[in-house]
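Enquirer: Give me a model of this one.
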Amino acid sequence: MELTAELSRRVDELNIGRLLGGVLLTDYIRLACDLLVAGVETPAVVEVAAAPPDDKASWAGIEEPINAMFVDLGRTWPDTTTAAWIRARMIATAMLSGELSVAIGGEKLWSLANSVPYTEMLVIHEAVDEYGLLGGEARMTGLAEDVLREAAERLDR
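Expert: Numbering: from 1, shown residues only. A predicted model of the protein is given here:
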């Protein structure tokens, strides 16, 4: 099953969202619906796509099919630090491409760095300590470049 780059990116974002939060049940349901349109018709994808999007009580009942959907897609459940670096790489990439402003990206990286042990994302803490969150576009671009280098070292082993 070959996914488009955009669909694969969404799968990865929502996979790490299971650990780091910031994802709504409706995000998983929309993803499952888009997977069906793309021809991915596993039982778990069908079950998640069929879940009622507005029923908060349904979250507990849909968690297992959501997990199974990611297994069907060949995604593993990363540890929290790995998930944080995957998200950091996504944020930094969006900052450098212009998809995300460097100011908002810097805030997202800072928030993310505070969600894991201090030493795990030291490059972000050091940059913010040196420049502050309002370090200017060039400095925040430098931070994004540093994050991409560090993420490559940690994730592409």
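
Enquirer: alpha carbons only for contacts and neighbour counts from here, please
Expert: OK.

Enquirer: ok, now how distant is residue 37 from residue 31?
Expert: 10 Å (CA to CA, to the nearest Å).

Enquirer: These two - which one has more neighbours?
Expert: residue 31 (18 against 10; other CA atoms under 10 Å).

Enquirer: Please list the residues outside whichever strand or helix holds that one that contact it.
Expert: Assigned by DSSP states H and E, residue 31 belongs to helix 25-37. Residues from elsewhere that reach helix 25-37 (CA atoms under 8 Å, 6 or more residues apart in numbering): 7, 10-11, 14, 41, 45-46, 48-51, 53-54, 59, 66.

Enquirer: Can you say which of the residues you listed are buried?
Expert: Buried members of these, scored by 16 or more other CA atoms under 10 Å, are 11, 14, 41, 45-46, 48-49, 51, 53, 59, 66.

Enquirer: circling back: and the helix holding residue 31, average pLDDT?
Expert: In this model, helix 25-37 has an average pLDDT of 94.

Enquirer: re the thing from before, and the least confident of the buried ones among the contacts of helix 25-37?
Expert: residue 59 (71).

Enquirer: The nearest residue to that residue once chain neighbours are set aside: neighbour count?
Expert: Using CA to CA, 6 or more residues apart in numbering and skipping residues adjacent in sequence, the residue nearest residue 59 is residue 25, 6.8 Å away. Residue 25: 19 surrounding residues under other CA under 10 Å.

Enquirer: go on, residue 22?
Expert: By other CA under 10 Å, 9 other residues sit near residue 22.

Enquirer: Stretch 51-65 spans what distance, first to last residue?
Expert: By CA to CA, one end of stretch 51-65 lies 10 Å from the other end.

Enquirer: quick one on the thing from earlier: closest to residue 95 among the contacts of helix 25-37?
Expert: Among the contacts of helix 25-37, residue 10 lies closest to residue 95 (CA to CA), at 17.1 Å.

Enquirer: Thanks a lot, catch you later.
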